[in-house]
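Asker: Can you look at this prediction? I've put the sequence above it.
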Amino acid sequence: AAVMPLFVIHGLLEVVQPKVKGKEKVVVIGASGGIGSMLVKMLRKVFADHEMHIIGVCSGRNEKFVLGLGADQVVDYTKGPIEKALAGEDGTQVYDVVFDIVGGMESYNSAKAILRKNGRFITCVGPEAWIGDTMFS
């Protein structure tokens, strides 16, 4: 079970790696969870020679943890819709890649609101599962 996140992260990186060209702005929704935390660390390591700006979305209590993994910035999803915190100064869509590790319509709609034209939305949650809309614990 401990190896499973590595397969997921490898798959996520395979999708984005060939398309990274230089300075990219990347958002990881679910950055403090098991897969999200490993993804932030891997993005920082794999793209060390790029000027990648990584934003982790998590609760405020995990801010130091996610920054320690290599995120440049943290957005606390408990303070409201993340697109309000991440919108460009003129309200434009400014992010190149959004990794959604949580799922749910809220994450999907936030990603749509902040992705630039031709930006990439990458999720490890199936299109109909929308796990993020329901708390199971």
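Answerer: Looks like it came in fine. Residues are numbered from 1 along each chain as shown.
Asker: center of this protein, which residue is that?
Answerer: Val28 (1.2 Å; C-alpha atoms, centre = their mean).
Asker: now that one, which residues is it bridged with?
Answerer: Gly56, Phe99 (DSSP bridges).
Asker: Spit out the contact partners of it.
Answerer: Contact analysis of Val28 by C-beta atoms under 8 Å, 6 or more residues apart in numbering lists Gly36, Leu39, Val40, Leu43, Ile54, Ile55, Gly56, Val57, Ala71, Phe99, Ile101. C-beta coordinates here come from the backbone N, C-alpha and C atoms, glycine included.
Asker: Out of these, which is nearest to Asn109?
Answerer: Val57 (13.5 Å; C-beta to C-beta).
Asker: Thought Leu39 was touching that closest one, still the case?
Answerer: No. Judged on C-beta atoms under 8 Å, Val57 makes no contact with Leu39 at a distance of 11.8 Å.
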